[in-house]
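Engineer: Quick one: sequence and predicted model below, then my questions.
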Amino acid sequence: MAFVTVPGDGAHLSVVVAGGGTAGHIEPALAVADAVAALAPAARIAALGTTRGLETRLIPDRGYSLELIPPVPLPRKVNADLFKVPFRLSRAVLAARKVLADVDADVLIGFGGYVALPAYFAARGHIRRSRRIPVVIHEANASAGIANKIGARYADKVLAAVDSSGLPGAVVVGMPVRGSLAGLDRKALRDKARHYFGLDPDAPTLLVFGGSQGAARLNDAVAGASGALAEAGIGVLHAYGPKNTIEPSHGHRDRAKGDDARTPPYIGVAYLNRMDLAYAAADLVICRSGAMTVAEVSATGLPAVYVPLPHGNGEQRLNALPVVEAGGGLIVDDTEMTTQWVAREVPALLGDPERLAAMSAAASAGGHRDAASVVARTALELAADFADERG
């Protein structure tokens, strides 16, 4: 196991990751932080975030120091908030610059979003011991966001999950996925996983989730088909989101409400704290196709029905397309994800073990299970190179 230190002053390396707001930015940042800790156990690791994102819960839960800066949301339309951006950005850059100085940062790893942009500017303009702070950027999506498009212009290393990110010169390394998923043996964990959730140990099982907040379209379609799924002998693990409710017509048990009724084949939970066990319990998943979701599902080799969010610039469809083209999943348009589709297609899929096995193999083959380590090593080597140049 390698220890990485900053030559000259004897201090251990200090790494800052910037990826707050949504799980799609936070999870790869945390996966890389874990990889840094594995490669350089003495390194100091801090994460930038704001009070508005999921990072206030996810980052401390993973044991990392969270440093808060003011949020800088970027309006998609011309309105009054747009004219406040320069002031907000200036405040955030100053705050980020202070964090970089306070933690004595040697390298910044950014993952896009409204937390990363001020960090990029801060690292570019921050002078400490007559040097700037090197920047590594990782783009998760098939279509890069504005923060990474700006940051990539002066970053020292630009990495991407796929080759269609739109960032010139980006090196494709895949999506950083947490170690518990990158090395997941679904078959070995299946019995434990189904016992953990109270699922039928022998029934083919469908996993449903729509991101950390759930997805009404998926909730309605699958809950409405609960009777048909039960008749087909299919168990369901459905994460419907903490602000949502579902009303399946058959065999629903809500663990969040402490329902002590007999264990049914359809189990609803507001949130999945153990995604590793959720993936291991399932034979098929219906989900959105955010970049992080596609990467995790592919890394675990789970056959998937991807339902791209019908908003934004179409990046969710682009995220899923490589896996689907390789045979690892299906894309179903949001408007086509109905109770009728679920009742008709899911029993057919789960009743075809050979097709599921082929989809699983295709999904696994397209993943990059070592992406987090590649990003971490790139950052550590870059920091060491800069330290050597300073002498």
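Structural biologist: Thanks, I have the structure now.

Engineer: Return the backbone torsion pair for Val375.
Structural biologist: phi -60, psi -40 (degrees, to the nearest 10).

Engineer: hmm, I was thinking of Gly169
Structural biologist: Per-residue torsions, Gly169: phi 80, psi 10 (degrees, to the nearest 10).

Engineer: Just give the nearest non-adjacent residue to it, would you?
Structural biologist: With Cβ to Cβ, 6 or more residues apart in numbering as the criterion, Gly169 has its nearest non-adjacent residue at 5.9 Å, and that residue is Val158. Using the backbone N, CA and C atoms, a C-beta is placed for each residue, glycine as well.

Engineer: does the one you found have beta-bridge partners, and which?
Structural biologist: Here Val158 sits in beta bridges with Ile137, as judged by DSSP bridges.

Engineer: so who does it touch?
Structural biologist: Neighbour list for Val158: 136-137, 139, 152, 167-171 [criterion: Cβ atoms under 8 Å, 6 or more residues apart in numbering].

Engineer: quick one: the spatially most central residue of the chain from Gly24, how far?
Structural biologist: By Cα atoms, centre = their mean, the chain has its centre lying nearest to Met292, at 3.2 Å. Look at Met292 and Gly24: by Cβ to Cβ, to the nearest Å, they are 5 Å apart.

Engineer: Quickly list what's touching both of the two.
Structural biologist: Contact criterion Cβ under 8 Å, 6+ apart; residues shared by Met292 and Gly24: Ala140.

Engineer: Might you list the low-confidence residue ranges for the stretch 251-391 of the chain?
Structural biologist: Across the stretch 251-391 of the chain, residues meeting the criterion (pLDDT under 70) sit at 251-264, 312, 367, 388-391.

Engineer: mind listing the strands in it by residue range?
Structural biologist: Using DSSP state E, counting those that start in this stretch, the strands assigned to the stretch 251-391 of the chain run over residues 252-254, 266-269, 284-287, 304-306, 329-331.

Engineer: Adjacent strands (with direction) for the last one?
Structural biologist: Read it as strand 329-331. strand 304-306 (parallel).

Engineer: since we're on the closest residue to Gly110 other than its chain neighbours, how many residues are nearby?
Structural biologist: Nearest non-adjacent residue to Gly110, counting by Cβ to Cβ, 6+ apart: Ala116, 3.9 Å away. Per other Cβ atoms under 10 Å, the neighbour tally for Ala116 reads 30.

Engineer: Distance check, the residue lying closest to Gly183 once chain neighbours are set aside against Ala363.
Structural biologist: Leaving out its chain neighbours, the residue that sits closest to Gly183 by Cβ to Cβ, 6+ apart is Arg369, at 7.2 Å. The gap separating Arg369 from Ala363 is 12 Å, by Cβ to Cβ.

Engineer: who has more neighbours, those two?
Structural biologist: Neighbours per residue (other Cβ under 10 Å) separate Arg369 from Ala363, with Ala363 holding more: 24 against 18.

Engineer: surely the more buried one meets Gly301?
Structural biologist: Yes: shown here, Ala363 and Gly301 form a contact pair, counting by Cβ atoms under 8 Å, at 5.2 Å.

Engineer: Going along the chain, name the strands of the stretch 101-250 of the chain.
Structural biologist: Assigned strands in the stretch 101-250 of the chain, in chain order: 107-110, 135-139, 157-160, 171-172, 205-209, 235-239 (criterion: DSSP E, counting those that start in this stretch).

Engineer: possible to save these as JSON lines with mean pLDDT?
Structural biologist: Compiled in JSON lines, the strands of the stretch 101-250 of the chain are given as follows (pLDDT from 0 to 100):
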{"stretch": "strand 107-110", "mean pLDDT": "97"}
{"stretch": "strand 135-139", "mean pLDDT": "96"}
{"stretch": "strand 157-160", "mean pLDDT": "96"}
{"stretch": "strand 171-172", "mean pLDDT": "94"}
{"stretch": "strand 205-209", "mean pLDDT": "97"}
{"stretch": "strand 235-239", "mean pLDDT": "96"}
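
Engineer: Go through the ones you listed and name the closest to Ser226.
Structural biologist: With Cβ to Cβ as the criterion, Ser226 lies closest to strand 235-239 of the strands of the stretch 101-250 of the chain, at 6.9 Å.

Engineer: For burial, what's the neighbour tally of Phe87?
Structural biologist: Neighbour count of Phe87, defined by other Cβ under 10 Å: 10.

Engineer: helix, strand or coil for it?
Structural biologist: Each residue gets one of three states, and Phe87 gets helix by DSSP: H, G, I helix; E, B strand; the rest coil.
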